[in-house]
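Peer 1: Next input, structure requested:
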Amino acid sequence: MTTRHDHRAPDHRGAPDDRRAPDDRRTPDDRWTLHTRHTSYTVRLSPDGPWAELAAWGPHGVEHGPSALDWSRRTHFITPADAAPAEYVPQGLRAFTGADLVVGHSGGERGLWWQFTGATQDARGLRLAFTDDVAGAHVTLCYAPVPDTDVILRWTELTCTGEHELRLERADSAAVNVPVTDGARLTYLTGQWSQEFTRTQLHLRRGTFTMGSTQAVPGHAYAPWIAVQDAALPDDDTTPTYGIALEWPGNWHITAEAEAGGAVRVRAGRLPHEGAVLLAPGDTLTTPRLACAFSAEGLDGLSRVWHRYERHLAGERLHRTRKVLYNSWEATGFDVDAEGQLELARAAAGIGAELFVVDDGWFTGRADDTGGLGDWYPDPAKFPKGFGRFVEDVRALGLGFGLWVEPEAVSPGSRLHAEHPDWVYRVDGRPGRLVRNQLLLDLGRADVQDFVIGTLDRLLGDHPIEYLKWDMNRPPTERGRPGAGPADRLDLDAEHVAGYLRVLDHLRAAHPHVTVEGCAGGGGRVEHATLARTDVVWPSDNTAPLDRLRVQYGFLHAHAPHVMSSWVTDAPGVFDPRPRSLAFRFVLAMCGVLGVGADLRSWDADRRAEAAHWIARYKQVRDVVHHGRARLLGTPDDATCGVQYTEAGGPRVVVAAFSTGRLDGAPLVPSRPARLRLRGTDPAAVYTDEETGTEYSGAHLLHYGLPFTWSTGHDADLVVLARR
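Peer 2: Numbering: from 1, shown residues only. Prediction:
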C-alpha cells in the first residue's frame, strides 16, 4: 500500500532535502529566522530537550530580545516538553498536554523519543530533522515563507525508516504558540448550510477548544481557519493577531489549548477516516500545509494578509476578468429547456451580463433530484435542435457559456450506477442510505478519476464552455471500498482528496481558459487547496440580503473578494426576513464577483433598467474590488456598515455601504445622516465623489466619515472617491 500523500500546491514544491550538509547560516545557538514581507518568525532548538520551539513571531526585528514565550523551566507534575512553546512534539516527549504526533508500533506501545539530526535553510525555507532510530522514524519539520506575503507555510514529512510499519494515530501538520496574559480571544467561522462563515468569538482562559469536520469536506459548520489574540488587548486594529488556515479539502481539526504559564497553543491537521494511517517501511507521509499569518493591525489587517496570499495562489489567473454571470437555477430549477433558457439569456444580455450558466437539469434523466447524476449527456428532449446549437444561440447574444456539474455524485437509477455499482462508497452486508436522493462516487479510485476527467474533457471539448460550476451536495456515509483489503489499512479520506485535486489539476492544465467555480452545497469546501485550483467559490446557497451580508462579512475575514461569487436574487430572508431594496442586493453582490440569479422574466422594465445601471457601475470598479486593499467597516450588527476597497497604485476608493438598523426619523424630527468612517485615507489629500462631485479631505473621511441619509427606498449605496 502506498501512503505517500503530497498535496502541496505547485508554488512551493521542491523544498530543500534535510539530508544535505547543514547550511553555514545555521547559528551557533541553534536559532533560525524566517522573514516574510513584514514579519519575522524565529525557531530555536530548546535548551531543555530535543525539540524545536518558537522564540519570536511578529514584526521585523521582534526576534531581538528575550523571548516572550520563555518560561521558568520549573515544572510540577508535567515535563519540560509539556510546558514549552513547542513547534511539533511527539507523544513520548510530550506526555500530558497534547502531542502533535502519536505513533503506534508493532509491539503495542506508542510514542517517539527522537533526536535532532540536522537543519537546512535556504531561500526556499527551513527544514529541521529529527530521528528515532529505535522506532524507525524520520520526521522533518518544514517551513516555507510565501514570497511577497506575510504567510509562512508549515508541514511535516514522516518517513518509516525501520523494518516494521508505523501506525500514525495522530499526525498534525504543525502547532503555533501565542503568548497571552488573560487567555486568548479566538475568532473563527461557524454556521450550517445556508448560514456559513458566521464570525464567532470565544474567550478561552483555560481548557481546550476543538472544531473540525468528518464529512470529507471542510463542511458548513466550521471553516478550517482561526485567529488568535491576547484577550487582554482590545479587539481593534492595534492588536497583534495571529492566524492559521489548514489547506485540506477533507476531514480536519483545529484545536486550541490555553495552557498553564500564559500561552495558547493551536494545532491543526487532517483526521483519517479510519482513525490512523499505516506507514510501511520506506514510505513517507506529507501532512497538509498549514498557512500561518500575522498582522499587527488586528483582525482587519489579518484579513488583508489572507487576501494577498490568495491572490498569490491565483497566479496569472488573478488577472482574468471575472465576468458578470447569470445563473438559471433560481428561475427554472430542474425545468430546463432550450426555449426557456434562451429567454433568460436574452434578458440577461439585456441587463449587461457577460456569461450565461445553465445549472442543474440539463442532462438526461434529470427531471428532479432523484435521477440523472452520472449520465452527463445533454438531454435531447430538452434541446431538440441539439445542445451545440443551443450553446451557439447563447453565444450569439454576446454571452459566454457555462455549465453546472456534480462530478462526484451518482443517482441510483442512472446508467453509470447500473454499469459500475462498485464505484460508490459502500460497506458490504450493510444497508446504504441516500442523501439528497444520491450516492457518492469513490473518487479515490483511479478508474473513477479517469471517468470524471474523461467526462469533463468530453463536455469541454465538444462545446465552447468557458465556465464550469463544480458542485458537491452529499457527504459520504457508508464510507467503504469492498474488495480493497482490510478497512483499517485504507486511507479513504486522503485518497478522495488526492483524486479531487488530480481532477482539478487536470482541468487547469488541459483547459486553462475555463473559469472554475467551487461549490459544495454552498460554502462546504472552501480552503486553500481548492482556492489554488479554482477561480471563484460559492460561499452559501443563501442569497437573502441581510442573511448574505453576514455570510460575506465573515467570509471576507478569511478570503479575498476576487474569489467570492455572489448573486442578486429575489430570495426572501431565511434568518432575517426584513426586506431590502434591489440596490441593496446589487451593492452587496458587487462586494465580490457579481452574478444574477433572479427570474428576469418576472422583472418589469424599471427593474431591469436599474439592474443594468448597477451592472454598468460594477464593471467600472470591479478591478478595484478584486485587486485593491479591502477593509471591513463596522459589522452587520451596526446600523450602518460597509466594505472599503482602495485601489492598488491608483487614486480610487470604492465604498459599499449598507443600512441594517432602524431609520433616524427624518424628515419628521431633527436628525443627522449616518456616518461611515473610512480607514487608510491620506489625511492631507482631497477625495472627490465621482457621482456627486462632493469633496472631502482624507482627514474628514477618517474622523467623521462618509455621510449616508438612509430611507426605506435608499438602504445601500456605492460611493467611488477619486484622490487628488
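
Peer 1: C-alpha from now on. contacts and neighbour counts both.
Peer 2: Noted.

Peer 1: Once you drop chain neighbours, what's closest to Trp567?
Peer 2: With sequence-adjacent residues excluded and distances taken as CA to CA, 6 or more residues apart in numbering, Trp567 is closest to Gly595, at 4.3 Å.

Peer 1: Contacts only, for the one you found.
Peer 2: Gly595 sits next to Val324, Leu325, Tyr326, Asn327, Ser565, Ser566, Trp567, Val568, Ala589 when contact means CA atoms under 8 Å, 6 or more residues apart in numbering.

Peer 1: Pull the most distant pair out of these.
Peer 2: Asn327 and Ala589 (13.8 Å; CA to CA).

Peer 1: quick one on the thing from earlier: quick check, nearest of the contacts of Gly595 to Arg311?
Peer 2: Using CA to CA, Ser565 is the member of the contacts of Gly595 that lies nearest Arg311, at 15.3 Å.

Peer 1: so where do the helices sit in the stretch 601-724 of the chain?
Peer 2: 605-627, 698-703 (DSSP state H, counting those that start in this stretch).

Peer 1: Pull the CA coordinates from the shortest one and hand them back as PDB.
Peer 2: This file holds the C-alpha atoms of helix 698-703, laid out as PDB (Å, rounded to 0.1, in the frame of the first residue of the first chain):
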ATOM      1  CA  GLY A 698      -8.800  62.500   3.900                       C
ATOM      2  CA  ALA A 699      -8.800  63.700   7.500                       C
ATOM      3  CA  HIS A 700     -12.600  64.300   7.300                       C
ATOM      4  CA  LEU A 701     -13.200  60.800   6.000                       C
ATOM      5  CA  LEU A 702     -11.000  59.400   8.800                       C
ATOM      6  CA  HIS A 703     -12.500  61.500  11.500                       C
END
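
Peer 1: for it, the distance to its chain's centre please.
Peer 2: 34 Å (CA atoms, centre = their mean, to the nearest Å).

Peer 1: Likewise for stretch 609-619?
Peer 2: 29 Å.

Peer 1: export the helices of the stretch 601-724 of the chain to TSV and tack on mean pLDDT and mean neighbour count?
Peer 2: Below are these laid out as TSV (pLDDT from 0 to 100; neighbours: other CA atoms under 10 Å):
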stretch	mean pLDDT	mean neighbour count
helix 605-627	98	18
helix 698-703	98	18
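
Peer 1: mind putting those helices in JSON lines, distance to Thr534 included?
Peer 2: Putting the helices of the stretch 601-724 of the chain into JSON lines (distance: least, CA to CA, whole Å) gives the following:
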{"stretch": "helix 605-627", "distance to Thr534": "15"}
{"stretch": "helix 698-703", "distance to Thr534": "37"}
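
Peer 1: what's the closest of the ones you listed to Ala345?
Peer 2: Judged by CA to CA, the one of these that comes nearest to Ala345 is helix 605-627, at 13.4 Å.

Peer 1: Counting by contacts, list what the helix or strand encompassing Val357 packs against.
Peer 2: Element membership of Val357, judged by DSSP states H and E, is strand 355-358. With contacts taken as 3 or more CA pairs under 8 Å, 6 or more residues apart in numbering; DSSP states H and E, strand 355-358 sits against strand 325-327, helix 338-351, strand 400-405.

Peer 1: winner for burial among these?
Peer 2: Greatest average neighbour count among the helices and strands packed on strand 355-358 goes to strand 325-327 (a mean of 27), per mean count of other CA atoms under 10 Å.

Peer 1: how would you label Arg578: helix, strand or coil?
Peer 2: coil (DSSP: H, G, I helix; E, B strand; the rest coil).

Peer 1: so the closest residue to it other than its chain neighbours, which of the three states?
Peer 2: The shortest distance from Arg578 to any non-neighbouring residue, by CA to CA, 6+ apart, is to Leu546 (7.5 Å). The assignment at Leu546 comes out as helix when based on three-state DSSP.

Peer 1: next one: the one 5 residues further on
Peer 2: Following three-state DSSP, the label given to Val551 is helix.

Peer 1: what number of residues lie near the nearest residue to it once chain neighbours are set aside?
Peer 2: Nearest residue to Val551 in three dimensions, chain neighbours excluded: Phe197, at 5.3 Å (CA to CA, 6+ apart). Residues within reach of Phe197, counting by other CA atoms under 10 Å, total 28.

Peer 1: what's the answer for Arg550, then?
Peer 2: The burial count for Arg550: 18, using other CA under 10 Å.

Peer 1: what's it in contact with, if anything?
Peer 2: Arg550 neighbours (CA under 8 Å, 6+ apart): Phe197, Thr198, Pro636.

Peer 1: Dump the residues you listed into CSV; add distance to Leu490 as well.
Peer 2: Converted to CSV, the contacts of Arg550 look like this (distance: CA to CA, whole Å):
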residue, distance to Leu490
Phe197, 32
Thr198, 35
Pro636, 45
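
Peer 1: quick one: which of those sit in strands?
Peer 2: Judged by DSSP state E, these include Thr198 as members of strands.

Peer 1: Distance to Tyr696 and pLDDT added to the contacts of Arg550, as JSON lines?
Peer 2: What follows is those, written out as JSON lines (distance: CA to CA, whole Å; pLDDT from 0 to 100):
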{"residue": "Phe197", "distance to Tyr696": "35", "pLDDT": "98"}
{"residue": "Thr198", "distance to Tyr696": "34", "pLDDT": "98"}
{"residue": "Pro636", "distance to Tyr696": "26", "pLDDT": "97"}
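
Peer 1: Go through stretch 250-262 and flag the buried ones.
Peer 2: For stretch 250-262, the neighbour count (16 or more other CA atoms under 10 Å) marks Gly250, Asn251, Trp252, His253, Ile254, Thr255, Ala256, Glu257, Ala258, Glu259, Gly262 as buried.

Peer 1: Distance check, Pro670 against Thr712.
Peer 2: Separation of Pro670 from Thr712 (CA to CA, to the nearest Å) stands at 17 Å.

Peer 1: Those two: which has the busier surroundings?
Peer 2: Thr712 (11 against 8).

Peer 1: which among the contacts of Arg550 gets closest to Arg458?
Peer 2: Among those, and counting by CA to CA, the member closest to Arg458 is Phe197, at 35.4 Å.

Peer 1: contacting residues for the closest one?
Peer 2: Phe197 neighbours (CA under 8 Å, 6+ apart): Leu189, Thr190, Gly191, Tyr222, Ala223, Pro539, Arg550, Val551, Gln552, Tyr553, Gly554, Phe555.

Peer 1: next one: Leu632
Peer 2: With contact taken as CA under 8 Å, 6+ apart, Leu632 is in contact with Asp300, Tyr553, Gly642, Val643, Gln644.

Peer 1: now do 7 Å
Peer 2: Counting by CA atoms under 7 Å, 6 or more residues apart in numbering, Leu632 touches Asp300, Gly642, Val643, Gln644.
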